[in-house]
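1. Sequence plus predicted model, see below.
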Amino acid sequence: MVMEISTGEEGRLAALNRMTAALVTPIETLDHILELARISIAPMVAISIVDRNAEIVLAARGINYKRVERDRSVAALCIDAGEPIAIEDVAADPRCANLERSPSGTTMGSCLGVPLQTPDGYVIGTLLMMDNGPRRFGEREVTLASHLAHLVMSELASHQPSEIDYLTGALTRSSFRTEVDREYARALRYDRPATLIFVDIDGFHRVNSAFGAEIADEVLKSVANRAAECLRTTDRLGRLGGEEFGMLLPETMAYEASQCAERLREEIGGLRFRFSGKVISVTASFGIAPFDARLGSPIQWFAQADIALYESKKAGRNCVSFAALPKDTGALSEETDPIQPPGLH
């Protein structure tokens, strides 16, 4: 499917991935912020993020807030506006005509939404305060809510790991390598499946040379966002360098990983970028290396994925290749990363 890219949205999603990369467990401080908002502003409050398709609640008080599709989410109004939105009567406001007004089974009578904004200007979510009936939110309440939203972002930033690539929101190469080392040891010890996928954007250097760093960065963000959306919470995405990414899939057989890779390959091929009146498209090559106990080290597992990627490049790019276990598993060095084949990355 061909999909026109909104570069601002891709940057926003990359910022969202970066800010929420470490949110595997609830942040206790967010509950304290919500309690203050509930006491001071409205009886029902929630902190939510908005991804490509839905509003997802990180924490809530006074309401059992459920997941809401993005096109029906009140919080998405803040994403579009980029500033606080006060709705005195949700039922009567035309902006809310097609939105979900009972996200917890309790009808939302009025609401105040304040955007959660990153330092680089992207709105990733909303601090939402709701009341059962119509009411007006005064300037003092809007100011207080804005301060609380700033506190929320400070808390998210304090939990953001330093091992995250700032541009794409993926793990850095070194931190991704650490995850691969950990998964190798786990899979070896418990005899469990796992698969490593390498992804390389075809002809990326030509895009960079012809259109400049700005459009090249948008391509990187878009590919990273699509890859992250393909993964489960237990999977890991890393930026290995330049235009190359790694995907680590624990508890995944090779054929399952290939299905993931094929879906992502098709999605990337369907992306369209507009620049100076021209339409730009890219493709990507994939190398798949299933875990095998005969591999002597995580380095060799890493090398197998790289060899498989090299095979995709040799085959003409824009395809998926599998690694074959080498006959001599001791041939690769234990000390350094595998050397990239020249001229193909």
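-> Okay, I see it. Numbers count the residues shown, from 1 in each chain.
2. just checking, next helix/strand downstream of the helix or strand of the chain with the lowest mean pLDDT?
-> Lowest mean confidence among the helices and strands of the chain (mean pLDDT, DSSP states H and E): strand 3-4, at a mean of 58. Following strand 3-4 in sequence order, the next helix or strand is helix 7-19 (DSSP states H and E).
3. what packs against that following helix?
-> Contacts defined by 3 or more C-beta pairs under 8 Å, 6 or more residues apart in numbering; DSSP states H and E place helix 7-19 against strand 123-131, helix 139-158, helix 213-230. Any C-beta I mention is one placed from the backbone N, CA and C, and that applies to glycine too.
4. Flag every buried residue along that helix.
-> 7, 10-19 (16 or more other C-beta atoms under 10 Å).
5. Same question for stretch 40-60.
-> Per 16+ other C-beta under 10 Å, stretch 40-60 contains these buried residues: 41-42, 44-51, 54-60.
6. Give me the below-cutoff pLDDT ranges for this protein.
-> Residue ranges of the chain with pLDDT under 70: 1-7, 21-26, 104-105, 161, 326-345.
7. can I see the domain layout of it?
-> 23-158, 173-322 (automatic domain parsing).
8. contacting residues around residue 185?
-> Residue 185 is in contact with residue 298, counting by C-beta atoms under 8 Å, 6 or more residues apart in numbering.
9. quick one: it from residue 247, how far?
-> 19 Å (C-beta to C-beta, to the nearest Å).
10. cool, residue 204 as well?
-> Residue 204 is 17 Å from residue 247, by C-beta to C-beta.
11. more neighbours, these two?
-> Neighbour tally, residue 204 and residue 247, criterion other C-beta atoms under 10 Å: the higher count belongs to residue 247, 27 against 19.
12. Specify the local secondary structure of the more buried one.
-> strand (DSSP: H, G, I helix; E, B strand; the rest coil).
13. Sticking with the closest residue to it other than its chain neighbours, tell me its helix or strand.
-> Distance criterion C-beta to C-beta, 6 or more residues apart in numbering; nearest residue to residue 247, sequence neighbours excluded, is residue 197 at 4.1 Å. Using DSSP H and E, residue 197 maps to strand 194-201.
14. other SSEs contacting that strand?
-> For strand 194-201, the packing partners by 3+ C-beta pairs under 8 Å, 6+ apart are helix 173-190, helix 213-230, strand 244-250, helix 254-269, strand 284-290, helix 298-314.
15. one more time with 10 Å
-> Counting contacts by 3 or more C-beta pairs under 10 Å, 6 or more residues apart in numbering; DSSP states H and E, strand 194-201 is packed against helix 173-190, helix 213-230, strand 236-241, strand 244-250, helix 254-269, strand 284-290, helix 298-314, strand 320-322.
16. closest to residue 120 out of those?
-> Nearest to residue 120, of all the helices and strands packed on strand 194-201, is helix 213-230, at 12.3 Å by C-beta to C-beta.
17. Output the closest one as CSV, restricted to C-alpha atoms.
-> Provided in CSV are the C-alpha atoms of helix 213-230 (Å, rounded to 0.1, in the frame of the first residue of the first chain):
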residue,chain,number,x,y,z
ALA,A,213,20.3,15.6,5.4
GLU,A,214,16.9,16.9,6.3
ILE,A,215,14.9,14.6,4.0
ALA,A,216,17.4,11.8,4.8
ASP,A,217,16.6,12.2,8.5
GLU,A,218,12.9,11.9,7.7
VAL,A,219,13.5,8.7,5.9
LEU,A,220,15.4,7.3,8.9
LYS,A,221,12.6,8.3,11.3
SER,A,222,9.9,6.8,9.1
VAL,A,223,11.7,3.5,8.7
ALA,A,224,12.5,3.3,12.4
ASN,A,225,8.9,4.2,13.3
ARG,A,226,7.5,1.4,11.0
ALA,A,227,10.0,-1.1,12.5
ALA,A,228,9.1,-0.2,16.1
GLU,A,229,5.4,-0.6,15.3
CYS,A,230,6.0,-4.1,14.0
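18. residues of it that come out buried?
-> Quick answer for helix 213-230 (16+ other C-beta under 10 Å): 215-228, 230.
19. angle of that helix against strand 194-201?
-> 160 degrees (axes from the mean of the first three to the mean of the last three C-alpha atoms, to 10 degrees).
20. how far is helix 213-230 from where the chain is centred?
-> On the basis of C-alpha atoms, centre = their mean, to the nearest Å, helix 213-230 sits 10 Å off its chain's mean C-alpha point.
21. and that helix with helix 7-19, angle?
-> 60 degrees.
22. Helix 213-230 to strand 244-250, inter-axis angle?
-> Using the same axes, to 10 degrees: helix 213-230 against strand 244-250 is 10 degrees.
23. Quick one: closest of the domains of the chain to residue 165.
-> Closest among the domains of the chain, using C-beta to C-beta: domain 173-322, at 4.5 Å.
24. End to end on the closest one, go ahead and measure it.
-> 22 Å (C-alpha to C-alpha, to the nearest Å).
25. now do stretch 227-237
-> Note: stretch 227-237 ends 7 Å apart using C-alpha to C-alpha.
26. for that stretch, the distance to its chain's centre please.
-> For stretch 227-237 - counting by C-alpha atoms, centre = their mean - the centre lies 8 Å from the chain centre.
27. try stretch 53-68
-> 18 Å.
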